[in-house]
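Enquirer: Okay, here's the prediction I keep looking at, along with the sequence it came from:
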Amino acid sequence: MYKVRCVKTKVMFPLIKEILSRKGSVRITVTGMSMYPFLRQNIDSVELSPTDFEHICRGDIVLTVRDNGQYILHRVHRKERDVFYMVGDAQHRIEGPLRPHQLAAVVTAVWRRERRIQCLDLRWRLLSALWLNTLPFRAFVMKSYGYLRRIMGR
């Protein structure tokens, strides 16, 4: 059995970059709530694989590096000829334009407990596409979901 250790991002990502540069994949635990409800903080983990700008498309979850050095895991909202835009699943503000050199990896699988969900799975792609299309009224959907959870919990 492996022992799980928490490591600071600035320590971990140079190693992740090295593994990805050798065409390997890495599994990391999700932190933060920006990708909720698809990815849950400290519960789900994601499998990161190397990619390049030409291979990403709308709906992909990608790891990017902001200009300030911060790593962000969000979903591609749209891609243009030489830039792309992304948004967190729990957010309504689109971030971008981002340049191809800011792309660090793509999520190829999500681990929910010990179950591996391929991001190319038709159900996953369909749900991702539907969720991206809720962007104009996502805040309402999330508030309604929270309200229903509170009601059902009582």
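Expert: All right, it came through fine.

Enquirer: Contacts for the longest helix seen in the chain, please.
Expert: The residue-count maximum for a helix in the chain (DSSP state H) belongs to helix 138-153. For helix 138-153, contacts defined as CB atoms under 8 Å, 6 or more residues apart in numbering pick out P37, A90, Q91, H92, T134. Using the backbone N, CA and C atoms, a C-beta is placed for each residue, glycine as well.

Enquirer: Does M35 touch I72 like I think?
Expert: No. Contact criterion CB atoms under 8 Å: M35 and I72 do not qualify, at 9.8 Å.

Enquirer: from the middle of its chain, how far away would the longest helix of the chain be?
Expert: Chain-centre distance of helix 138-153: 22 Å, with CA atoms, centre = their mean, to the nearest Å.

Enquirer: Please spell out which residues along it are buried.
Expert: R138, M142 (16 or more other CB atoms under 10 Å).

Enquirer: Which residue of M35 and I72 possesses the greater neighbour count?
Expert: Between M35 and I72, M35 has the larger neighbour count (other CB atoms under 10 Å), namely 25 against 18.

Enquirer: quick one: the helices in the chain?
Expert: 9-21, 122-132, 138-153.

Enquirer: Can you show me the CA trace of the longest one as CSV?
Expert: When you say that, I think you mean helix 138-153. Extracted in CSV, the C-alpha atoms of helix 138-153 (Å, rounded to 0.1, in the frame of the first residue of the first chain):
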residue,chain,number,x,y,z
ARG,A,138,-24.7,28.2,-14.5
ALA,A,139,-25.0,30.2,-11.4
PHE,A,140,-28.8,29.5,-11.3
VAL,A,141,-28.2,25.8,-11.9
MET,A,142,-25.6,25.6,-9.1
LYS,A,143,-27.8,27.5,-6.6
SER,A,144,-30.8,25.2,-7.4
TYR,A,145,-28.6,22.1,-7.0
GLY,A,146,-27.4,23.3,-3.6
TYR,A,147,-31.0,24.1,-2.5
LEU,A,148,-32.2,20.6,-3.6
ARG,A,149,-29.3,19.0,-1.7
ARG,A,150,-30.2,20.8,1.5
ILE,A,151,-33.9,19.9,1.1
MET,A,152,-33.1,16.2,0.4
GLY,A,153,-30.7,16.1,3.4
